[in-house]
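J.: Coordinates for the following, if possible.
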Amino acid sequence: MRKSCLPESAHYEAILLVGGQGTRLRPLTLFTPKPLLPTAGVPFLAHQLAKARSFGVRRIVFATSYRASMFADAFGDGSSLGLDIVYMTEETPLGTGGAIRNAAEALTCGPDAPVLVLNGDILSGHDIADQIRVHVERGASATLHLTEVDDPSRFGCVPTSPDGRVTAFLEKTPNPVTNRINAGCYVFQRSVIDSIPAGQVVSVERETFPGLIEAGELVLGYSDASYWLDVGTPAAFVRGSADLVLGKLESHALPGPVGEFLLLDGATVSPEAKVGGGTVVGAGVSVEAGASVQGSVLGDGAVVEPGATVVDSIVGTGARIATGAVLRDVVVGDGAVIGPGNELAAGARVWPGVTLRECSVRFSSDV
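T.: Next comes the predicted model:
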């Protein structure tokens, strides 16, 4: 992680977009917003909040919608984190731009101040303060964090000129002109946010950014090659949690030392079990003799019986994986039971409370 180029006394306000329903992560998000899912032992947002604070953010406005009250229940006024957190809720979904404009009503900074905007489903190792510094020094209207990916067609493709100016914003185009994409962290001038129509559905990706570019405003790309991950799918969510536990991405919110696994309060792992790959062993979990768990998330109170195998999977709160069961790239909902000998793989999802009896399923996609 690069050292910040801004003075330590520089403090900023931010907007955190957390209004989505997280449908790609169901059944995990049936009752819990995606940004609050346990990730490396704490709610996902705890990692983002700790990172933002370390780079000078002191006041954050949560732009909420789905199950909005749960965010205040989790973080309160932010004082325990050294932050001032306030909440703005959309009565109806307003899109990314509309959500930013709605949340801006709670900002206290003036029109010439930079405002950081974060997406609530991104893990990133980039230097937020340096992105703000570049934005301020260049006098930009907006500055986008950019990263390179293998398949840019799944994201907003962002070509830039040699001096870093964004020349177009091509949202999820089938024929991307570059593999450099929108990484979901923006710096806006407050006056630019205020120019977004209030109370209307607006997309920053399809309307605000292209509109600024067309109007000749300076929109910059801040490119780097640091760690970056969109955790919107179960596979990515498991990977992100494991990477935090393994120390591939630093987080001051991690509730324990980095290592092959993270053991939370009251969890027990038999000396004859094999656990590693960044696995989170939740509070009160039992991993019994002969079990093997690699790169997975075991929710509080889950049980992995002798001889069971769990790889790259999520096991919900209170779920039970019976003797001889095999899970690879699977999501098991809260309270579900995977009976002896079942084999599930390739993105299978077991919904909360479901019981699979002995040897009833092999390689199912959804049960």
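
J.: only C-alpha atoms for contact and neighbour calcs from this point on.
T.: Will do.

J.: my read is residue 32 is in a strand, agree?
T.: No - with DSSP: H, G, I helix; E, B strand; the rest coil as the criterion, residue 32 is located in coil rather than a strand.

J.: State the pLDDT value of residue 289.
T.: The per-residue pLDDT reported for residue 289 equals 97.

J.: do the same with residue 345
T.: 89.

J.: so it touches residue 331, yeah?
T.: No - using CA atoms under 8 Å, residue 345 is not in contact with residue 331; the gap is 9.4 Å.

J.: out of the two, which sits in the more crowded spot?
T.: Taking neighbours as other CA atoms under 10 Å, residue 345 and residue 331 compare with residue 331 leading, 30 against 20.

J.: Kindly list the main-chain dihedrals of that one?
T.: phi -110, psi 120 (degrees, to the nearest 10).

J.: List the beta-bridge partners for it.
T.: residue 314, residue 349 (DSSP bridges).

J.: So it sits against residue 313, correct?
T.: Yes - applying CA under 8 Å, one finds residue 331 in contact with residue 313, separated by 5.8 Å.

J.: Residue 150 - how many residues pack around it?
T.: Neighbours of residue 150 (other CA under 10 Å): 8.

J.: if I pick it, what's in contact with it?
T.: residue 179 (CA atoms under 8 Å, 6 or more residues apart in numbering).

J.: you'd agree it is in a strand?
T.: No - counting by three-state DSSP, one finds residue 150 to be coil, located in no strand.

J.: how near is it to residue 181?
T.: 10 Å (CA to CA, to the nearest Å).

J.: Can you give me the end-to-end span of stretch 223-235?
T.: 25 Å.

J.: wait, I meant stretch 215-233
T.: Stretch 215-233: ends 36 Å apart by CA to CA.

J.: Give me the distance from that stretch to the chain's centre.
T.: 15 Å (CA atoms, centre = their mean, to the nearest Å).

J.: Stretch 253-262 too?
T.: 18 Å.

J.: In terms of helices and strands, where is residue 290?
T.: Counting by DSSP states H and E, no helix or strand carries residue 290.

J.: Can you give the contact residues for stretch 118-131?
T.: Under CA under 8 Å, 6+ apart, the answer for stretch 118-131 is 1-6, 14-18, 34-35, 45, 48, 52, 55-56, 143, 145, 184-187, 222, 224, 226-232, 240, 249-250.

J.: same question but for stretch 247-261, I mixed them up
T.: Here stretch 247-261 has contacts from 40-42, 46-47, 50-51, 124-125, 227, 243-246, 262, 275-281, using CA under 8 Å, 6+ apart.

J.: got the CA coordinates for that stretch in PDB?
T.: C-alpha atoms of stretch 247-261 as PDB (Å, rounded to 0.1, in the frame of the first residue of the first chain):
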ATOM      1  CA  GLY A 247      -3.300 -11.200   4.700                       C
ATOM      2  CA  LYS A 248      -3.400 -10.800   1.000                       C
ATOM      3  CA  LEU A 249      -5.300  -7.500   1.700                       C
ATOM      4  CA  GLU A 250      -4.600  -5.700   4.900                       C
ATOM      5  CA  SER A 251      -7.500  -4.800   7.200                       C
ATOM      6  CA  HIS A 252      -7.400  -3.100  10.600                       C
ATOM      7  CA  ALA A 253     -10.900  -4.600  11.200                       C
ATOM      8  CA  LEU A 254      -9.700  -8.200  11.200                       C
ATOM      9  CA  PRO A 255     -10.500  -9.700  14.600                       C
ATOM     10  CA  GLY A 256      -7.300 -11.800  14.900                       C
ATOM     11  CA  PRO A 257      -3.900 -12.400  13.400                       C
ATOM     12  CA  VAL A 258      -3.600 -13.300   9.700                       C
ATOM     13  CA  GLY A 259      -3.000 -17.000   9.000                       C
ATOM     14  CA  GLU A 260      -4.400 -20.200   7.500                       C
ATOM     15  CA  PHE A 261      -7.600 -19.800   9.400                       C
END
